[in-house]
Structure formats: structure tokens, C-alpha cells
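> Provided below for reference: sequence and predicted model.
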Amino acid sequence: MLQVHISQEALEVILNVLDDIKKKTVHHKFENQYDEILFFKYTKPKFVSKLIYYNQIYKIETRKPYGGERVLRKYLLKELNKLKRFFDDQLEFYKYYRTGSTYLDHKYFVRNKHDIKLNLSTRYFETDHRFSTSHDYIVAKILANDLIEVFLEDQLHGLERDEIKTVKIPKSKMNWTGSKTALIELVYALYASGYINNNNADIKLIALTFEKMFNIDLGDYYRNFLAIRIRKKGRTQFLQELQEDLIRYMDSQDE
């Protein structure tokens, strides 16, 4: 298994690099708090995220069940759902980090400045606080999950190629003239409803069907969906507009 061997070799290299970085960091005095924040918010997580990524890929590959396409698909979707659960658990911090906020950096990314009220992971209390802050590992986990998600999506895409080939959709003369984000919101609404194929339709298959139907490339719709999820208000903005449009149309027909 190529991925297993690659992961093993990568883990050995990264562990050695991190060990060297730790030895230097614990004896290093940062010139100011800003430099310390930069290191624990951006530099260290880049290395730790690769450690998390290759370790998780190793586990995913070595635990793959034997069986047909259905069994493997179920396994991969379960792994994908683990990433989504982490996202849900860390939603507030995810929004803070992804929006480039800095007002809590002095608590998140400075050693021995943790705040018990800021949703601390139990893992933090077991780490070496000379080389850890309360949230640098969470940043690394976010970065790693981005890569793991791509890996899992690629695996699922490989399983779906044959299934997609069987989807016969005649060339459409209809074009989507709204925003991609609006259509992605609709696609996910249908996926979440479970009304397609008795809740057995994969999100990629639904998205592909809409792409063919309306002659549009939705691009990285999962990433776009994450942006929809962290909207401050109006997470279902397009669906609400659709409801209002339909009600207006019904009212006009009653006149």
C-alpha cells in the first residue's frame, strides 16, 4: 500500500524535525509577545498539521475494510463525518481563526496564558506547556483536516466515477444565472433532506447532476458550504428568498 509507506516515511521525518524545533523553542526567549504569537499561531501548526495528516492517513489506509464499493464508501463517509464533528465542536474558534481575528491571540497563542472559559481541550493539560499554547494544536488540526478532507473526497470520487458514468442527463438548454453560492445552498438543502434516492445520494452526485442540468461548474462547493455555515446571519439566505418568491407568486395568482 503506497500511501501507508509514504505516511510512515513522512512521520519519521516530521517527528525528527519537530523534536529539533521543540529543543530550540523551549530554550529560546522570544523578543516580544507578538513573535511568540506568530510562532504558535502560524509556524508550529504548519509542522504539526503534517504530523496529524500523515498519522491519520496511515490509520485510514490500514483500517480500510475488505468488501465491495458500498462497504468502502460507508467507511470513507464515516471518516469524513469525523472531520465535520470536529468542525462543529470548534465552530467558534474556527470562525475566529478563518476570519483572521486577533483580539484573543494573547490567550490562544501565548504559553501559560490559557483561559479555562475558552473551550479548552483536555489534551492541552497533558502537553508540555513549554512548547504548547491552549490553541496551537487546534490550528494544526484545522489545517490537517483540510488535507484529510481532500484525501477522503478523492477516494470517494474514485468510487463514484463508474456510478457517475451511468448518470444519463441530456444536454440542457437551461443555464443557472444566479450565484454559485445560491445553487450550492440548494444542493445541500436537498442532500440534507434525504429526499433523493431514499437518503442514499452522495453530495457529489447531486452536485454533478445540477452542474449538468444548469451548465455550471460549482467548483469547490464544500469549501463554499463552509463559508455559508459560518455566516453571521442568514445561513439559509437563498432558501428564504425562494420561499418569499414563491409566496409572492402565489399571492399574484390569487389576485
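Good, I have the coordinates. All of these numbers come straight from a predicted model, not from anything done at the bench.

> what about the strands in the chain?
In the chain, no strands are defined using DSSP state E.

> per-domain residue ranges of it.
As assigned by automatic domain parsing, the chain contains the domains 2-163, 167-254.

> what packs against the lengthiest helix in the chain?
Looking across the chain with DSSP state H, the single longest helix is helix 136-165. Contacts defined by 3 or more C-beta pairs under 8 Å, 6 or more residues apart in numbering; DSSP states H and E place helix 136-165 against helix 44-62, helix 69-89, helix 91-98, helix 203-214. For glycine as for every other residue, the C-beta is placed from the backbone atoms N, C-alpha and C.

> what angle sits between the shortest one and helix 69-89?
Following axes from the mean of the first three to the mean of the last three C-alpha atoms, to 10 degrees, one obtains 80 degrees for the angle between helix 91-98 and helix 69-89.

> helix 91-98 packs against which elements?
helix 136-165.

> repeat for the first one
The helices and strands touching helix 44-62, judged by 3+ C-beta pairs under 8 Å, 6+ apart, are helix 2-26, helix 136-165.

> give me the number of residues near residue 6?
Per other C-beta atoms under 10 Å, the neighbour tally for residue 6 reads 14.

> what is the mean pLDDT for stretch 186-200?
Across stretch 186-200, the average pLDDT comes to 89.

> so where's this protein shaky on pLDDT?
In the predicted model, the chain carries pLDDT under 70 at residues 1, 160-170, 232.

> name the residue closest to the centre of it, please.
Nearest to the mean C-alpha position of the chain, counting by C-alpha atoms, centre = their mean, stands residue 146 at 5.0 Å.

> residue contacts, the closest residue to residue 127 other than its chain neighbours?
Using C-beta to C-beta, 6 or more residues apart in numbering and skipping the chain neighbours, the partner closest in space to residue 127 is residue 137 (7.4 Å). By C-beta atoms under 8 Å, 6 or more residues apart in numbering, the residues touching residue 137 are 45, 48, 121, 123-124, 127.

> can you do 10 Å?
Counting by C-beta atoms under 10 Å, 6 or more residues apart in numbering, residue 137 touches 40, 44-45, 48-49, 52, 121, 123-124, 127.

> one step back: what sits against the residue nearest to the centre of the chain?
So residue 146 contacts 49, 53, 83, 223, 226 (C-beta under 10 Å, 6+ apart).

> with residue 158 instead?
69, 72, 76.

> need the buried ones from those residues selected in PyMOL.
Selection of buried members from the contacts of residue 158 for PyMOL, criterion 16 or more other C-beta atoms under 10 Å:
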select buried, resi 72+76
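
> out of the contacts of residue 158, which is nearest to residue 22?
residue 76 (33.9 Å; C-beta to C-beta).

> how close does that closest one sit to residue 177?
Distance from residue 76 to residue 177, counting by C-beta to C-beta, to the nearest Å: 35 Å.

> re earlier: just the domains of the chain: most buried one?
Of all the domains of the chain, domain 2-163 carries the top mean neighbour count, a mean of 15, counting by mean count of other C-beta atoms under 10 Å.

> who's in contact with residue 54?
With contacts defined as C-beta under 10 Å, 6+ apart, the neighbours of residue 54 are 3, 6-15, 144, 147-148.

> tell me the two of those residues that are most distant?
With C-beta to C-beta as the measure, no two of the contacts of residue 54 lie farther apart than 12 and 148, at 19.5 Å.

> show me the contacts for residue 243.
By C-beta under 10 Å, 6+ apart, the residues touching residue 243 are residue 236.

> same check, this time on residue 58
Contacts of residue 58 (C-beta under 10 Å, 6+ apart): 1, 3-8, 10-11.

> do the same with residue 200
By C-beta under 10 Å, 6+ apart, residue 200 lies in contact with 70, 73, 194.
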